[in-house]
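S.K.: after the sequence you'll find the predicted model.
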Amino acid sequence: ADKTSREGERLVPSEGPTVRGYENSLAHLLDELQRIELLLQREVLRMRRRAPEEMNATARMYISDEEVDTLLAARDGATPPTAMSAEEGAVEDHLTSLEAHLAERKSASLNAGLDLRLERLRAEFQLTAFDLDVLLINLAPEVDSKYDTLYAYLQDDLTKRRPTVALVLNLLCPSFAAKLAARQRFTPSAPLFAHGLLHLVQDASLGPSTLLNRALVLDERIANHLLGVDGVDSRLAPYAQLVAPQADFATLLLADETNQRLLRFAHPSATSQEQVILYFQGPEGVGKQSTAEALCQERGDTLLVIGCEHFASIDPTLFTATVRLALRESRLQKTALYWKNFDVLLSDDKRT
């Protein structure tokens with residue numbers, strides 16, 4: 001039965017405790033990393049069940065069980081509820097409890113309109129829950145260098161301080177069949193790699209390696225974005241600029257009909273899912289960028305300006321990669337994208 005309390009002459013249900021959302025995106029991220037740490041703790045316990053002869057003696061000589069236990073116990077100076085001496089089942093119980101707690105606080109935060117960057121990344125690039133965990137496993141060393149040691153310990157190799165695909169699958173997949181199915185998330189067309197969020201690397205000195213043995217590296221711009229650093233990608237910085245719009249439609253020297261047509265683009269219908277591309281044509285000084293700024297002013301957006309003159313002489317492959325970076329940057333920054341001096345790319349020798 002519901003708990004009740006007396007208010008005057010009638011009984012009213014007592015309200016349960018209100019779930020408190022996160023203060024900011026970083027607080028959410030740190031809770032998610034605590035969950036990843038529990039996955040690591042569980043994997044350490046599983047690893048220790050293996051026969052000693054299966055272990056790499058060199059790695060064990062330099063990374064002791066005691067050192068790993070200390071690293072896992074130290075979180076902001078506190079001992080986690082599940083000590084390393086606990087059974088695997090206790091870790092599972094703590095993991096289940098933390099996941100439920102995370103889900104409630106995340107839901108409360110999103111309902112309150114808080115921008116959770118990890119969740120926005122999921123929506124922007126169509127990532128699965130598995131993909132997000134792969135990102136978090138690779139983000140952890142950017143937050144605390146202790147994860148380098150933990151990854152080397154779990155991979156039984158002092159040189160493997162970055163997580164490999166094999167380690168990620170061990171941490172996230174409950175069965176061999178699940179590991180095989182998850183391989184599709186590491187193909188070039190999978191969202192993590194198609195959008196350059198994550199990179200696969202291998203030791204060139206060892207020659208070709210299997211997918212399982214390749215290390216994963218989180219893209220630096222994505223790491224910075226998740227941790228709240230908002231500078232433009234360093235690869236774009238020489239020819240990119242974030243602009244706060246100054247112009248507005250009241251100051252533009254445009255015909256009223258043109259203004260009205262542009263305003264319709266600034267306020268698309270609520271059901272519209274299409275992205276609008278506008279091509280402003282005319283000589284230098286006619287007001288192309290000012291018009292773009294006025295549109296952004298109307299929408300409450302900022303503008304990411306990319307100088308196309310820098311692309312006129314670069315290799316086509318590099319050009320394509322740079323365009324992809326610019327498109328990704330505009331999504332991370334939640335800006336409109338303006339290609340300044342775009343006409344230089346339309347000359348006859350650039351049409352291919």
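M.R.: Perfect, I can see it now.
S.K.: could you use CA atoms for every contact and neighbour count after this?
M.R.: Will do.
S.K.: show me where the protein has strands.
M.R.: Counting by DSSP state E, the segments of the chain that form strands are 4-7, 10-13, 198-201, 215-218, 240-243, 303-307, 336-340.
S.K.: what does the fourth one contact?
M.R.: Spelled out, it's strand 215-218. 135, 138-139, 162-165, 197-202 (C-alpha atoms under 8 Å, 6 or more residues apart in numbering).
S.K.: drop anything exposed from these.
M.R.: Buried members of the contacts of strand 215-218, scored by 16 or more other C-alpha atoms under 10 Å, are 135, 138-139, 162-165, 197-200, 202.
S.K.: now those residues as CSV including distance to Lys334 and pLDDT?
M.R.: Below are these laid out as CSV (distance: C-alpha to C-alpha, whole Å; pLDDT from 0 to 100):
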residue, distance to Lys334, pLDDT
Leu135, 21, 98
Asn138, 24, 97
Leu139, 22, 97
Arg162, 31, 93
Pro163, 30, 95
Thr164, 32, 95
Val165, 31, 96
Leu197, 17, 97
Leu198, 20, 97
His199, 23, 96
Leu200, 27, 94
Gln202, 33, 83
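S.K.: redo those residues as TSV? Include distance to Phe342.
M.R.: Conversion of these to TSV gives the following (distance: C-alpha to C-alpha, whole Å):
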residue	distance to Phe342
Leu135	35
Asn138	37
Leu139	36
Arg162	41
Pro163	41
Thr164	41
Val165	41
Leu197	27
Leu198	30
His199	30
Leu200	33
Gln202	38
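S.K.: which among the contacts of strand 215-218 gets closest to Gln241?
M.R.: Ranked by distance to Gln241 (C-alpha to C-alpha), the contacts of strand 215-218 are led by Leu197 at 21.6 Å.
S.K.: hmm, who's touching stretch 133-142?
M.R.: By C-alpha under 8 Å, 6+ apart, stretch 133-142 touches 32-33, 36, 147-148, 162-163, 168, 172, 198, 216-218, 223.
S.K.: among those residues, which are in helices?
M.R.: In helices, judged by DSSP state H, the following of those are found: 32-33, 36, 147-148, 168, 172, 223.
S.K.: now the buried members of those residues.
M.R.: Listed as buried from the ones in helices among the contacts of stretch 133-142 are 32-33, 36, 147-148, 168, 172, 223; burial here means 16+ other C-alpha under 10 Å.
S.K.: which one of those residues is nearest Thr291?
M.R.: Nearest to Thr291 out of these is Ala223 (C-alpha to C-alpha; 33.7 Å).
S.K.: who's the closest spatial neighbour of the closest one, skipping the chain neighbours?
M.R.: The shortest distance from Ala223 to any non-neighbouring residue, by C-alpha to C-alpha, 6 or more residues apart in numbering, is to Leu139 (6.3 Å).
S.K.: that neighbour and Gln289, how far apart?
M.R.: 37 Å (C-alpha to C-alpha, to the nearest Å).
S.K.: next: Gly196.
M.R.: According to C-alpha to C-alpha, Gly196 and Gln289 sit 29 Å apart.
S.K.: what of Leu263?
M.R.: Plainly put, Leu263 is 16 Å away from Gln289 if you go by C-alpha to C-alpha.
S.K.: just Asp157 next, same as before
M.R.: Using C-alpha to C-alpha, one obtains 54 Å as the distance from Asp157 to Gln289.
S.K.: over to Leu33?
M.R.: Taking C-alpha to C-alpha, one finds Leu33 at 42 Å from Gln289.
S.K.: for the chain, what spans make up the helices?
M.R.: With helices called from DSSP H, the chain shows them at 25-47, 57-62, 65-73, 88-111, 117-124, 129-143, 146-154, 165-172, 176-182, 191-194, 220-226, 256-266, 288-299, 316-333.
S.K.: need those helices in TSV (columns: distance to Leu236).
M.R.: Output for the helices of the chain, formatted as TSV (distance: least, C-alpha to C-alpha, whole Å):
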stretch	distance to Leu236
helix 25-47	25
helix 57-62	40
helix 65-73	37
helix 88-111	31
helix 117-124	20
helix 129-143	22
helix 146-154	29
helix 165-172	29
helix 176-182	33
helix 191-194	18
helix 220-226	11
helix 256-266	27
helix 288-299	19
helix 316-333	7
